[in-house]
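S.K.: dropping the sequence and predicted coords here.
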Amino acid sequence: MKKLCIPVLAIALMACGQQHKPEQAEGRDSTAAATHEKGGEPADERSFLSHMAASDLKEIKLGELAAQKAKDPRVKKFGADIVKERTASTLLLQEIARQEGSTLAPQLSRDDQDEIGLLRDRDNMDRAYITRMVKEQKRTAERLAQYSNAKDTAISSYVRRTLPIVNARYDEANKILEDMRKQMNNRDISHD
């Protein structure tokens, strides 16, 4: 339990000292994957950092929930592994931002907070969590792939390092979900 709380505390403490910079308020939409007018390459690599940090934070919170409340040991382990990997990812993102002279202060959106709260109270939390993680890993892999040829070498290096991890977690989540579906089907058949 202590091992899970320390990375989250570190992220929270880093976020406390963040200042809002005027250039961030100039209408940049940090939730949209903008592209240059020429060539279709990603325009705002800063928004990529913000997206990834917010995604990491959401997955960390969901992973902590799974590690604490899941009944299936595979789901517990998956959640704990996600916490470790996304915490490491966030630290890399913060280092990239620092090198570029900016800071990251990821926060959960209201929708994400609500989703985590609803998941916490579900009877079938294990399956709901893994289903959610399949979607999250797919979305994260797609976002990373958009930046695989980023001109910023730190970002392209981050993508090369992170994408295989995300793809492996996507495959693992799919396998766990498939196994859960088979178990449900076997239970349905045995009750006929």
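M.R.: Received it, and whenever you're ready, just let me know what you need.

S.K.: so residue 80, which of the three states?
M.R.: helix (DSSP: H, G, I helix; E, B strand; the rest coil).

S.K.: what is the neighbour count of it?
M.R.: Here the count is done by other Cβ atoms under 10 Å, and residue 80 has 18 residues near it. (Each C-beta comes from the backbone N, C-alpha and C, glycine too.)

S.K.: look up phi and psi at residue 124.
M.R.: phi -100, psi 50 (degrees, to the nearest 10).

S.K.: what does residue 105 give?
M.R.: Main-chain torsions, residue 105, degrees, to the nearest 10: phi -130, psi 70.

S.K.: quick one: it from residue 94, how far?
M.R.: Distance, residue 105 to residue 94, using Cβ to Cβ, to the nearest Å: 10 Å.

S.K.: where does pLDDT dip in the chain?
M.R.: 1-43, 187-192 (pLDDT under 70).

S.K.: which residue ranges form the helices in it?
M.R.: According to DSSP state H, the chain carries its helices in the segments 2-16, 45-69, 73-99, 110-120, 125-146, 153-190.

S.K.: and those, which is most packed in?
M.R.: Greatest average neighbour count among the helices of the chain goes to helix 45-69 (a mean of 22), per mean count of other Cβ atoms under 10 Å.

S.K.: just checking, what packs against that one?
M.R.: If contacts are counted by 3 or more Cβ pairs under 8 Å, 6 or more residues apart in numbering; DSSP states H and E, helix 45-69 sits against helix 2-16, helix 73-99, helix 110-120, helix 125-146, helix 153-190.

S.K.: now it against helix 110-120, angle please.
M.R.: If you take axes from the mean of the first three to the mean of the last three Cα atoms, to 10 degrees, helix 45-69 sits at 20 degrees to helix 110-120.

S.K.: ok, and what's touching stretch 137-150?
M.R.: Outside stretch 137-150, the residues that touch it by Cβ atoms under 8 Å, 6 or more residues apart in numbering are 33, 41-42, 45, 48, 51-52, 55, 59, 155-156, 159-160, 162-163, 166-167, 169-170, 173.

S.K.: report the distance from that stretch to the chain centre.
M.R.: Taking the mean of its C-alpha atoms, stretch 137-150 sits 12 Å from the chain's own mean (Cα atoms, centre = their mean, to the nearest Å).

S.K.: cool, and stretch 177-190?
M.R.: 28 Å.

S.K.: and what of stretch 126-141?
M.R.: 10 Å.

S.K.: stretch 80-87 now?
M.R.: The answer for stretch 80-87 is 9 Å, by Cα atoms, centre = their mean.

S.K.: for it, list the C-alpha coordinates in CSV.
M.R.: What follows is stretch 80-87, C-alpha atoms only, in CSV (Å, rounded to 0.1, in the frame of the first residue of the first chain):
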residue,chain,number,x,y,z
ALA,A,80,-0.3,-2.4,-9.6
ASP,A,81,1.8,-2.8,-12.8
ILE,A,82,-0.1,0.1,-14.4
VAL,A,83,0.6,2.3,-11.4
LYS,A,84,4.3,1.6,-11.6
GLU,A,85,4.5,2.1,-15.4
ARG,A,86,2.4,5.2,-15.5
THR,A,87,4.2,6.8,-12.6
